[in-house]
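J.: fold the following for me, if possible:
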Amino acid sequence: MQNQRPNKTILITGGAGFIGSHVVDFFVNKYPNYTIVNLDALTYAGNLENLKAVENKDNYTFIKGDITDEKLVNEIFSKYNFEGVIHLAAESHVDRSINDPLAFVKTNILGTMVLLQAFKALWQDNWEGKRFYHISTDEVYGSLGETGLFTETTPYNPNSPYSASKASSDHFVRAYGETYGLPYVISNCSNNYGPFHFPEKLIPLFINNIIEKRPLPVYGDGNYTRDWLYVIDHARAIDLVFHEGKNAETYNIGGFNEWKNIDLVKVLCDKMDEKLNRKKGESQELITYVKDRPGHDLRYAIDASKINKELGWKPSVTFEEGLSETIDWYLNNEEWLSNVTSGAYKKYYKEQYL
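T.: I've put the predicted structure just below:
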């Protein structure tokens with residue numbers, strides 16, 4: 001059984017963020033014989049409240065720190081002798097990358113380089129049983145037309161500072177594999193949704209705005225298309241890729257679940273009206289079309305057949321089930337939502353959408 005694997009010490013970066021906290025929770029609980037160290041800088045989207053369920057577990061340690069801090073990173077690599085790294089820490093919001101691209105260069109490129117250097121220095125040529133797992137995004141592939149899917153061999157064509165920074169970090173990971181023999185895997189995932197998602201992304205943003213009866217800002221004509229993946233299914237996929245994936249391979253992880261933004265928003269509105277006992281159509285009246293953002297990619301769609309065929313992974317829930325569970329979580333955790341939408345978040349929201 002997977003949870004009977006030999007003892008291993010793993011660094012998870014960005015483990016207080018949305019996807020990262022789910023991965024930490026998954027690994028801490030599934031592998032009690034592993035030592036899981038979570039390194040997170042606790043910037044605006046990092047939240048230790050996401051990890052209440054595991055914070056007192058014997059096999060879990062949290063370290064507050066920045067992946068660009070070379071001294072700190074080298075110290076913790078020396079202390080813990082990590083046999084594996086699952087690298088999720090990243091600036092990840094396209095809108096923010098347009099406003100402050102250098103922050104994305106620093107964290108996503110330089111931070112990845114610092115981790116690669118520390119991992120290389122620790123193990124040098126002693127790579128047996130070691131693995132560096134870099135989590136990336138489908139946005140590195142650019143934009144699709146009305147047909148076609150991103151595969152693992154789709155040429156990179158990033159169109160935003162965010163996707164360009166992630167593409168660069170992907171290239172550096174592969175370069176360390178080719179140049180130094182560093183054992184790595186990369187996965188590129190589609191849009192995630194689920195509990196603990198910071199409300200700057202579409203689904204949690206609109207859930208919060210519907211609760212508060214605030215406008216729902218839809219970019220352009222609303223016809224931008226995305227593939228949506230339930231975050232817990234992503235954590236399951238990360239587990240499989242880390243343990244069973246082949247070195248120097250890339251795995252695309254998608255939900256087989258494309259939606260135009262405007263169609264998704266309308267479904268979300270109707271589900272919220274039902275759960276809040278509001279008149280049907282009431283929340284759709286909040287939809288407000290706003291000026292499009294620069295370089296907005298038309299469509300992302302992942303071909304996840306490789307991970308399905310090689311590792312046996314597929315989504316475990318339908319989008320309808322996942323969306324309903326996500327809405328219920330936010331409605332049942334209004335204190336969490338209130339805490340993360342105060343202060344700096346409100347200033348950012350006003351500058352971005354109003």
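
J.: CA only for contacts and neighbour counts going forward, please
T.: Noted.

J.: now residue 294: phi and psi?
T.: phi -60, psi 140 (degrees, to the nearest 10).

J.: burial count for it?
T.: Residues lying near residue 294 (other C-alpha atoms under 10 Å) number 11.

J.: tell me the pLDDT at it?
T.: For residue 294, the pLDDT comes out at 88.

J.: distance of it from residue 328?
T.: Per C-alpha to C-alpha, to the nearest Å, residue 294 is found 33 Å from residue 328.

J.: and stretch 63-78, how far out from the chain middle?
T.: Mean-position distance between stretch 63-78 and its chain equals 21 Å (C-alpha atoms, centre = their mean, to the nearest Å).

J.: what does stretch 302-311 give?
T.: With C-alpha atoms, centre = their mean, you get 19 Å for stretch 302-311.

J.: buried ones in it, by neighbour count?
T.: 302-308, 311 (16 or more other C-alpha atoms under 10 Å).

J.: again with stretch 277-286
T.: So stretch 277-286, judged by 16+ other C-alpha under 10 Å, has buried residues 283-284, 286.

J.: likewise for stretch 329-338?
T.: Those would be 330-331, 337, for stretch 329-338 by 16+ other C-alpha under 10 Å.

J.: quick one on the thing from earlier: with pLDDT added, can I get the buried residues of stretch 302-311 in TSV?
T.: Listed next are the buried residues of stretch 302-311 as TSV, based on pLDDT from 0 to 100:
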residue	pLDDT
302	96
303	97
304	97
305	97
306	98
307	98
308	98
311	98
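
J.: which ones among those residues are found in strands?
T.: Among the buried residues of stretch 302-311, no member falls in strands (DSSP state E).

J.: which of those sits closest to residue 168?
T.: residue 302 (20.0 Å; C-alpha to C-alpha).

J.: contacting residues for the closest one?
T.: Listed by C-alpha atoms under 8 Å, 6 or more residues apart in numbering, the contact set of residue 302 reads 138, 149-151, 189-190, 227, 252-256.

J.: just the buried ones from those residues?
T.: 138, 150-151, 189-190, 227, 252-256.

J.: in JSON lines: those residues, plus pLDDT.
T.: Output for the buried ones among the contacts of residue 302, formatted as JSON lines (pLDDT from 0 to 100):
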{"residue": "138", "pLDDT": "96"}
{"residue": "150", "pLDDT": "97"}
{"residue": "151", "pLDDT": "98"}
{"residue": "189", "pLDDT": "97"}
{"residue": "190", "pLDDT": "95"}
{"residue": "227", "pLDDT": "95"}
{"residue": "252", "pLDDT": "98"}
{"residue": "253", "pLDDT": "98"}
{"residue": "254", "pLDDT": "96"}
{"residue": "255", "pLDDT": "93"}
{"residue": "256", "pLDDT": "88"}
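
J.: next step: the residues you listed restricted to strands.
T.: 189, 227, 252-253.

J.: for residue 136, see how far away the closest residue to residue 298 other than its chain neighbours is.
T.: In this structure, residue 298 finds its nearest non-sequential neighbour in residue 224, 4.9 Å apart by C-alpha to C-alpha, 6 or more residues apart in numbering. The spacing between residue 224 and residue 136, counted by C-alpha to C-alpha, is 21 Å.

J.: do a quick rundown of the strands in the stretch 151-300 of the chain.
T.: Here the stretch 151-300 of the chain has its strands, by DSSP state E, counting those that start in this stretch, at 184-189, 191-193, 216-219, 225-230, 249-253, 258-260, 287-290.

J.: before we move on, the earlier item: TSV for the contacts of residue 302, including distance to residue 279?
T.: Output for those, formatted as TSV (distance: C-alpha to C-alpha, whole Å):
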residue	distance to residue 279
138	37
149	38
150	40
151	43
189	36
190	33
227	29
252	40
253	37
254	34
255	31
256	32
